[in-house]
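Trainee: my questions are about this predicted structure, shown below with the sequence.
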Amino acid sequence: MRFTLQHTDEKTNARAGLITTAHGQIETPIFMPVGTQGSVKAVHLQELKDDIKAQIILGNTYHLYLRPGLEVLERAGGLHKFNGFDRPMLTDSGGFQVFSLANIRKMREDGVEFRSHIDGSKHLFTPERVIDIERTIGADIMMAFDECPPGDSDYTYAKKSLELTHRWLDRCVKRFHETEPKYGYEQSLFPIVQGCVYPDLRRQSAEYIASKECDGNAIGGLAVGEPTEKMYEMIEVVNEILPKDKPRYLMGVGTPINILEGIERGVDMFDCVMPTRNGRNAMLFTKNGVMNMRNKKWEMDYSPIEENGASYVDTLYSKAYLRHLFHAQELLALQIASIHNLAFYLWLVREARKQILANNYAAWKSNMVKRLSNRL
């Protein structure tokens, strides 16, 4: 994997870059649709590529390991061959999912023992095992195994957790270097900065992560319950240290405004389930604010879902029709809303990139934040 930093905005830390992988190039800043189980929910592959214009998607190690399982994926030739997405893919480590299973997992120095949420079977994730699983899945970018502490963790717990994450990272890096890709193309490993909301821990972690000299670096443990301003502060602290010649990935974030704020602070890559999850619950993100498509105000509004929208569905269907579909509990409603929201998110980062290259990011972002804050 190669990263080329093409331009930095004159008035902010916003960056435009290019990531080159075995499965194609990614223009940054970029948003990655979440394909947890090898599928971006309610969205066809062709729509994902042609209409939404996804350059990279994310898969989940925990879920793919449990179902369909490693044997199925390996026989298929990896996740790219299994789901047909021939562009870059990233897999998280499964750490966040494992740690969210607080009542059915046991954390130890060697890893985490947990029970499947599907059938209750017992499993063990160690740093080495996770690297092996991600090799089998075959994503272009693999995340290191880490612990994601709650946003309200006290300092003592956050420090202990961080030290464990660093020890696990050492084992991930060792395993990564002593194993080979399975499908004839190179894979990259990204370590994850932790440290909760404590600046000294975040600095310590960023320095340790940077010292590993991996192809890129991630910022984890944010948007997990801490105040938004704390999240922005931690991004600034970390990005002062993480190398400028490597992509920076803010994990699990977030709203359109969160993404614009992250870009301003030097983040290159984002992912979040919000566009699809909120879409399935009738919330649409638009260039002029948020719409709840269940509201009665749309009942006889026959105008397009969004004028000059980012997707073909915006002009093909009316607000009244989409509202009807939600109230009738038609599955098409979930598909239309998911396509719309993902296309909007991808439009937003493409437009951000244009403004960065034009040295106009600060003014554009200020105006966009005002528009995006509206409830329509």
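Mentor: It's in.
Trainee: from here on, just use CA atoms for contacts and neighbour counts.
Mentor: OK.
Trainee: OK, contacts around the nearest residue to Pro33 once chain neighbours are set aside?
Mentor: Computed as CA to CA, 6 or more residues apart in numbering, the closest residue to Pro33 that is not its neighbour in sequence is Ile57, at 5.1 Å. Going by CA atoms under 8 Å, 6 or more residues apart in numbering, Ile57 touches 32-35, 88-90.
Trainee: could you check how far Tyr249 is from Tyr312?
Mentor: Here the distance between Tyr249 and Tyr312 works out to 29 Å (CA to CA, to the nearest Å).
Trainee: neighbour count: those two, which is higher?
Mentor: Tyr249 (24 against 16; other CA atoms under 10 Å).
Trainee: ok so the more buried one is a strand residue?
Mentor: Yes. Counting by DSSP: H, G, I helix; E, B strand; the rest coil, Tyr249 falls inside a strand.
Trainee: tell me what the residue nearest to Pro33 is bridged to.
Mentor: Met89 (DSSP bridges).
Trainee: show me where the stretch 251-376 of the chain has its helices.
Mentor: Shown for the stretch 251-376 of the chain, the helices assigned by DSSP state H, counting those that start in this stretch span residues 256-264, 274-280, 313-316, 319-327, 331-357, 361-372.
Trainee: so can I have TSV of those helices showing mean neighbour count and distance to Phe3?
Mentor: Formatted as TSV, the helices of the stretch 251-376 of the chain follow (neighbours: other CA atoms under 10 Å; distance: least, CA to CA, whole Å):
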stretch	mean neighbour count	distance to Phe3
helix 256-264	22	17
helix 274-280	22	27
helix 313-316	17	34
helix 319-327	20	41
helix 331-357	22	15
helix 361-372	16	21
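Trainee: mind showing which ranges of the stretch 51-200 of the chain have poor pLDDT?
Mentor: Counting by pLDDT under 70, the stretch 51-200 of the chain has low-confidence residues at 98-104.
Trainee: now the helices for it?
Mentor: Taking DSSP H, counting those that start in this stretch as the criterion, the stretch 51-200 of the chain contains helices spanning 61-66, 70-76, 79-83, 95-100, 127-137, 155-177, 199-211.
Trainee: next, format those as a markdown table and append distance to Val267.
Mentor: A markdown table is the format used below for the helices of the stretch 51-200 of the chain (distance: least, CA to CA, whole Å):
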| stretch | distance to Val267 |
| --- | --- |
| helix 61-66 | 23 |
| helix 70-76 | 32 |
| helix 79-83 | 26 |
| helix 95-100 | 20 |
| helix 127-137 | 24 |
| helix 155-177 | 21 |
| helix 199-211 | 14 |
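Trainee: if we can go back for a sec, so how far is Glu178 from the residue nearest to Pro33?
Mentor: Relative to Glu178, and taking CA to CA, Ile57 is found at 27 Å.
Trainee: just the buried subset of the contacts of Ile57, please.
Mentor: Of all these considered here, the ones buried according to neighbour count by 16 or more other CA atoms under 10 Å are 32-35, 88-90.
Trainee: got the residues you listed as a markdown table, with distance to Leu284 columns?
Mentor: Formatted as a markdown table, the buried ones among the contacts of Ile57 follow (distance: CA to CA, whole Å):
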| residue | distance to Leu284 |
| --- | --- |
| Met32 | 18 |
| Pro33 | 16 |
| Val34 | 17 |
| Gly35 | 19 |
| Pro88 | 27 |
| Met89 | 26 |
| Leu90 | 26 |
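Trainee: for Asn359, state which of those is nearest.
Mentor: For Asn359, the nearest member of the buried ones among the contacts of Ile57 is Met32. The distance, counting by CA to CA, is 24.2 Å.
Trainee: residues contacting the residue lying closest to Ile26 once chain neighbours are set aside?
Mentor: What sits nearest to Ile26 in space, not counting adjacent residues and going by CA to CA, 6+ apart, is Ile19, at 5.0 Å. If a contact means CA under 8 Å, 6+ apart, then Ile19 has 1-4, 25-28, 247 as its contacts.
Trainee: one more pass at 7 Å, please.
Mentor: Counting by CA atoms under 7 Å, 6 or more residues apart in numbering, Ile19 touches 1-4, 25-27.
Trainee: separate out the buried members of the residues you listed.
Mentor: For these, burial is judged from neighbour counts taken by 16+ other CA under 10 Å, and it is met by 1, 3, 25-27.
Trainee: which ones among these are found in strands?
Mentor: Using DSSP state E to define strands, the subset of the buried ones among the contacts of Ile19 located there is 3, 25-27.
Trainee: rebuild those as CSV, extending it with pLDDT and distance to Thr165.
Mentor: Shown next, in CSV, are these (pLDDT from 0 to 100; distance: CA to CA, whole Å):
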residue, pLDDT, distance to Thr165
Phe3, 98, 25
Gln25, 98, 30
Ile26, 98, 28
Glu27, 98, 30
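Trainee: closest one to Phe114 out of those residues, please.
Mentor: Ranking those by separation from Phe114, with CA to CA as the measure, puts Ile26 on top at 34.9 Å.
Trainee: wait, isn't the closest one in contact with Leu18?
Mentor: Yes. When contacts are counted by CA atoms under 7 Å, Ile26 is listed as touching Leu18 (5.7 Å).
Trainee: element containing Ala223?
Mentor: Taking DSSP states H and E as the definition, one finds Ala223 inside no helix or strand.
Trainee: gap between it and Ile133?
Mentor: Distance check for Ala223 against Ile133: by CA to CA, it reads 26 Å.
Trainee: Pro29 too?
Mentor: Per CA to CA, Pro29 is found 28 Å from Ile133.
Trainee: re earlier: of the buried ones among the contacts of Ile19, closest to Arg203?
Mentor: The closest of the buried ones among the contacts of Ile19 to Arg203 turns out to be Phe3 (CA to CA; 23.2 Å).
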